[in-house]
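>>> give me the fold of what follows.
(one chain, ligands or ions: 2)
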Amino acid sequence: MTTDELEQLLARQPMALLHRLARGRVHRHFRAGKRRLIELLLQYSSTNRAGLESDLQALLEVRQPRQDPGGRPKHAPPPGTRKQLPAQAPIPAVMEPAISLAGWLEGIGVPAPQPFVPDPWQIEALSAVSETDVVISVPTGSGKTYVAVEAARRAMEDNRTVIYTSPLKALSNTKYTEFSRLFGSDKVGILTGDRQENGQAPLLIMTTEILRNLLYDAASGEIDVRLDTLGLVILDESQYLADPERGVVWEETIIFCPSQARLLLLSASIGNPQDIADWLTSIRPTACRLVRHSKRTVPLRAGYLHPNGKLTPLFRTLGIPYGHPNQLHPEAKRLFLEYEEETLPSGRPRR
Ligand SMILES: Nc1ncnc2c1ncn2[C@@H]1O[C@H](COP(=O)(O)OP(=O)(O)OP(=O)(O)O)[C@@H](O)[C@H]1O
Ligand SMILES: [Mg+2]
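Numbering: from 1, shown residues only. Ligands and ions are numbered 1, 2, ... in the order given. Purely as a prediction, here's the structure:
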């Protein structure tokens, strides 16, 4: 449809329909007169024409009067008694039908148990960390913990101390419970601002800030933890290096980390992992290896949960259509608008 055809089609529609179309697209649309509203909709259409046309088509379909079995619209005057309107230009069908909620939820649940087989990148990372520092950059849910646990197990078998850090006390607590279950509670300690337990254990969980402070103290001769036997330092969530406020803590921890210990940086979302690995190589005694891949083991599905409890897929498709914002699910759109209507303080359009 050309812009002229779209303009003519809009001009033939009642204000109520134009306002519905303008919701979420035109700021304060209810204040505009018809000509101005059409102008604003046309302006908007230059950025997302397909989405506008698809919604217009949906609104027109809703407005179509029901057909009687004879094919003539109910309440319509017999043929010939009213001047026929020019045929409306067809609107191209631009999208596939949207996925249903049941289809979107399908397959989510606990998978059937099966034997554990490490992925190739996990094997590669474990073999690398026995020789050198390693940066792992793989998507969320890939299994970084397995590498951390196995590397820690091997270091402890070699009578080396292991330190595992996370950016959050809550995550440190979780890992303390998880690792205590795996290795036995006598083998694991925790040091955070709130908790100090079993500080002489061979595997110590702490926040990165605490480790940085320990390394500061060690540099000034006050050694709290047996840093001389330190064999492995695991920095989980190491994308915090890029944090404007806390990044310096990760930076200093890496700089002050004893040279005999291996560093293992785990991250799901470093944009430039090679730069980090190159930096480690430049300041540490051994070359740092980068292990990375970007294929998601667990695909993402996006949903929208309205405050009233209604759940709907966020997009028309099961996967996330990156770069196609006009692929929003019609039900999600409707719920957004409903929410907007409920929360707009004043001046909202009357139905
Ligand atoms: N090779 C594997 N095969 C099958 N499942 C695995 C494998 N490795 C790990 N997992 C499972 O994948 C899930 C996610 O693992 P994990 O928590 O280690 O991910 P992660 O990479 O640390 O994610 P995040 O970025 O969220 O911290 C766990 O349930 C784990 O048992
Ligand atoms: Mg993890």
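>>> for the protein, name the helix or strand with the lowest mean pLDDT.
Every helix and strand in the chain was compared by mean pLDDT, DSSP states H and E; the lowest is helix 49-63, with a mean of 78.
>>> and the strands in the stretch 151-300 of the chain?
161-166, 188-191, 196-197, 203-207, 230-235, 262-267, 289-292 (DSSP state E, counting those that start in this stretch).
>>> quick one: closest of the ones you listed to residue 31.
Smallest distance to residue 31 across the strands of the stretch 151-300 of the chain (Cβ to Cβ): 48.1 Å, for strand 262-267. Backbone N, C-alpha and C define where each C-beta goes, glycine included.
>>> distance from the chain centre to the closest one, please.
22 Å (Cα atoms, centre = their mean, to the nearest Å).
>>> count of neighbours near whatever residue of the stretch 251-351 of the chain ends up closest to ligand 1?
Residue nearest to ligand 1 within the stretch 251-351 of the chain: residue 268 (3.8 Å; Cβ to the nearest ligand atom). Other residues lying near residue 268 total 16 when counted by other Cβ atoms under 10 Å.
>>> what's the closest non-adjacent residue to it?
Counting by Cβ to Cβ, 6 or more residues apart in numbering, residue 268 lies nearest to residue 140, which is 4.4 Å off, once chain neighbours are set aside.
>>> ramachandran angles for the one you found?
Dihedral pair for residue 140: phi -50, psi 140, per degrees, to the nearest 10.
>>> so it sits against residue 294, correct?
No - with contact defined as Cβ atoms under 8 Å, residue 140 does not reach residue 294; the gap is 11.3 Å.
>>> quick check: closest non-adjacent residue to residue 311.
Nearest residue to residue 311, sequence neighbours excluded (Cβ to Cβ, 6+ apart): residue 305, at 5.2 Å.
>>> quick check: the one you found touching residue 332?
No - using Cβ under 8 Å, residue 305 makes no contact with residue 332, being 10.1 Å away.
>>> shaky segments in the stretch 151-300 of the chain?
220-226 (pLDDT under 70).
>>> domain assignment for the chain?
Using automatic domain parsing, the domain parsing of the chain gives 1-59+89-94, 132-292, 301-351.
>>> of these, which stretch is the most buried?
Ranked by mean neighbour count, those are led by domain 132-292 with a mean of 18 (mean count of other Cβ atoms under 10 Å).
>>> give me the distance between the two termini of that one.
16 Å (Cα to Cα, to the nearest Å).
>>> please list the residues of the stretch 201-350 of the chain that sit near ligand 1.
Contact residues (Cβ under 6 Å from any ligand atom) of the stretch 201-350 of the chain with ligand 1: residue 268.
>>> ok, the residue in the stretch 51-200 of the chain that ligand 1 sits nearest to - contacts?
The nearest approach of the stretch 51-200 of the chain to ligand 1 comes at residue 143, 2.6 Å away (Cβ to the nearest ligand atom). Shown in contact with residue 143 (Cβ atoms under 8 Å, 6 or more residues apart in numbering): 118, 119, 122, 297.
>>> and those, which are buried?
residue 122 (16 or more other Cβ atoms under 10 Å).
>>> confidence-wise, which of the contacts of residue 143 comes last?
Within these, the minimum per-residue pLDDT falls on residue 297 (83).
>>> dump the residue contacts of the closest residue to that residue other than its chain neighbours.
Nearest non-adjacent residue to residue 297, counting by Cβ to Cβ, 6+ apart: residue 142, 5.3 Å away. Shown in contact with residue 142 (Cβ under 8 Å, 6+ apart): 119, 121, 268, 293, 296, 297.
>>> between which two of those residues is the distance greatest?
119 and 268 (14.8 Å).
>>> what is the subsequent helix or strand relative to the least confident helix or strand of the chain?
Following helix 49-63 in sequence order, the next helix or strand is helix 101-105 (DSSP states H and E).
>>> packing partners for that following helix?
Counting contacts by 3 or more Cβ pairs under 8 Å, 6 or more residues apart in numbering; DSSP states H and E, helix 101-105 packs against strand 311-313.
>>> what is the rounded mean pLDDT of the strand it packs on?
For strand 311-313, the per-residue pLDDT values average out at 94.
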